[in-house]
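Asks: sequence and predicted structure are below.
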Amino acid sequence: MHEFRSLVGIAKKPVTISTTLHGNNASCAPDAPPLRVAAGRIDFENVSFAYNAARPLLRNVSFSVLPGETVAFVGESGSGKTTVGRLLLRLYDPTEGRVLIDGQDVRDVTQAPPTPSY
């Protein structure tokens, strides 16, 4: 029961974006422009990633999610489902390939909240 209370306490603690985003291998240039989200298209182009170079997790993954589409990733534990989300949120950068939002490589824009384009 004590462990459960500890978990609830952790969940109530505020988390800052900068701690989360910069704790891994992703960083942005100080002069990077903000991400401009218009339609919301997502493209993974030939993305590869490994937490450990000896054990690649994603190899040459490509897919597109069009605005308004709902996509689900299904697979065994450890197959890379969560990693896809982490790459999209830029908690990590791919070792190869590109992750694009509305045609913008997420490595070329700031990690600040996106700016809507109207």
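Replies: Looks like it arrived, so ask away. Residues are numbered from 1 along each chain as shown.

Asks: can you pull the contacts of D43?
Replies: 62-65, 98-100, 103 (C-beta atoms under 8 Å, 6 or more residues apart in numbering). Where C-beta positions appear, they are placed from N, C-alpha and C, glycine not excepted.

Asks: what's the distance between it and A54?
Replies: Here D43 is placed at a distance of 28 Å from A54 (C-beta to C-beta, to the nearest Å).

Asks: re earlier: which ones among the contacts of D43 map onto strands?
Replies: Of the contacts of D43, the ones assigned to strands by DSSP state E are 62-65, 98-100.

Asks: right, and the pair among those with maximum separation?
Replies: For the ones in strands among the contacts of D43, the farthest-apart pair by C-beta to C-beta is V65 and R98; their separation is 14.4 Å.

Asks: tell me the helix or strand right after the helix or strand of the chain with the lowest mean pLDDT.
Replies: None of the helices or strands of the chain scores lower by mean pLDDT, DSSP states H and E than helix 17-21, at a mean of 39. The helix or strand immediately downstream of helix 17-21 is strand 36-37, counting by DSSP states H and E.

Asks: now for that following strand, which elements pack on it?
Replies: In terms of contacts (3 or more C-beta pairs under 8 Å, 6 or more residues apart in numbering; DSSP states H and E), strand 36-37 is packed against strand 115-116.

Asks: quick one, what contacts L57?
Replies: 49-51, 78, 80, 83.

Asks: how confident was the prediction at it?
Replies: You'll see L57 listed with a pLDDT of 93.

Asks: ditto for V106
Replies: Predicted confidence (pLDDT) for V106: 93.

Asks: distance of it from C28?
Replies: 9 Å.

Asks: same check on G80?
Replies: Applying C-beta to C-beta, the value for G80 to C28 is 24 Å.

Asks: buried set for the one helix or strand N60 maps to?
Replies: Per DSSP H and E: N60 is located in strand 58-65. For strand 58-65, the neighbour count (16 or more other C-beta atoms under 10 Å) marks 58, 61 as buried.

Asks: no more questions from me, cheers.
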